[in-house]
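K.L.:
sequence first, predicted coordinates after that:
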Amino acid sequence: MKKLTAAAMALAALALTTLPLSKGNAQDYPARTITMVVPFAAGGPTDTVARLVAESMSRSLGQQVIVENVGGAGGTRGAGQVAKASPDGYTILLHHIGQATAATLYRKLPYNVLTDFEEVGLVTDVPMTLIGKPDLAPQDIGALIAHVKDKKDGVIYGNAGVGSASHLCGMLFMSALGTQMTTVPYQGTGPAMNDLIGGQIDLMCDQTTNTTGQIKAGKVKAYGVTTKNRLKSMPDLPTLQEGGLSGFEVAVWHGVYAPKGTPKAVVDKINAALVQALQDPKVIARFADLGTEPVALDRATPEVHKAFLAAEVAKWKPVIEQAGVFAD
């Protein structure tokens, strides 16, 4: 028998590593580093959630889960990259509510939110807080509502960009008041927060993973939380419903996705690592510090995640269409 040269053996090994994952070798997953794409800038609220979860999942899977930030286009650039990735479990996505709203916000979306991914499981529902610059005159949500209705587009509202969670919260707030503010989109949460602290903009609504520290440090003025119940981490902060915005409720849910066609055995392994991460005392404690908590384990399943995503797409479609705000 003719012996293989070293070069031929190397090429054969390379070919094996690039073969699509099959049911037969799914049992060996994971055999190398996994990339978790976050479709937003590093340091933002979704990035914070992803890094906590990825660290814990790395321990469960026995391979490193690294976070790659692929920002731009309201999260659709990173999501699109994962949609086109090889369905082998080595490229996954952690995205927030924007995965559902993109289906309507982007009329020329290069992927289908509902059919181009395998849902792995939900992660957390992060509350949001409505916050103002430090010297904004109104002292509570009731006074703020009156102020916004009086000043209208004289009030400057900043958000992290079209399709961001802060953009969606602002749309709901203006819809509830029947008043339009002047909206300034930024390239991420960090620049918007800096300008709010500096007094260049008046208001912002963002996830507690990004606002809790600023509120507790007194760098911004907090008006209320967007969930129906007060936060354990900030029990003195009223809900917006308490302040007069009946039925106002929004939380930024997060979920993990794999490309469509990823073998079920691999999805199940990723899901098992996710479920373990959601029970990790370190993750639970850090989430609590940030004003949130892991979802109940019965929501951290592919089946529940899939149904929930479809319901969220249907829920946000009329809201966005009525506002007439599109990203393309």
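P.N.:
All right, it came through fine. Numbers count the residues shown, from 1 in each chain.

K.L.:
centroid-nearest residue for the protein?
P.N.:
Nearest to the mean C-alpha position of the chain, by CA atoms, centre = their mean, lies residue 96 at 2.5 Å.

K.L.:
can you verify my assumption that it contacts residue 256?
P.N.:
No. Between residue 96 and residue 256 there is no contact under CB atoms under 8 Å: 11.2 Å. Where you see a C-beta, it was placed from the backbone N, CA and C, and this is true even at glycine.

K.L.:
look up how far residue 93 lies from residue 268.
P.N.:
17 Å (CB to CB, to the nearest Å).

K.L.:
quick check: longest helix of the chain.
P.N.:
helix 302-323 (DSSP state H).

K.L.:
which helices and strands does that one pack with?
P.N.:
Where contact means 3 or more CB pairs under 8 Å, 6 or more residues apart in numbering; DSSP states H and E, helix 302-323 is packed against helix 98-105, strand 117-132, helix 165-177, strand 251-259.

K.L.:
in CSV, list those along with mean pLDDT.
P.N.:
Output for these, formatted as CSV (pLDDT from 0 to 100):
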stretch, mean pLDDT
helix 98-105, 95
strand 117-132, 97
helix 165-177, 91
strand 251-259, 96
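
K.L.:
can you list the ones you listed in JSON lines and add mean neighbour count and distance to residue 245?
P.N.:
Listed next are the helices and strands packed on helix 302-323 as JSON lines, based on neighbours: other CB atoms under 10 Å; distance: least, CB to CB, whole Å:
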{"stretch": "helix 98-105", "mean neighbour count": "25", "distance to residue 245": "20"}
{"stretch": "strand 117-132", "mean neighbour count": "26", "distance to residue 245": "9"}
{"stretch": "helix 165-177", "mean neighbour count": "22", "distance to residue 245": "5"}
{"stretch": "strand 251-259", "mean neighbour count": "25", "distance to residue 245": "15"}
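
K.L.:
any chance of CSV for these, columns distance to residue 44?
P.N.:
Shown next, in CSV, are the helices and strands packed on helix 302-323 (distance: least, CB to CB, whole Å):
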stretch, distance to residue 44
helix 98-105, 12
strand 117-132, 12
helix 165-177, 10
strand 251-259, 11
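
K.L.:
which residues in this structure form helices?
P.N.:
6-18, 45-61, 76-83, 98-105, 141-151, 165-177, 189-198, 208-216, 264-278, 281-289, 302-323.

K.L.:
sounds good, over and out.
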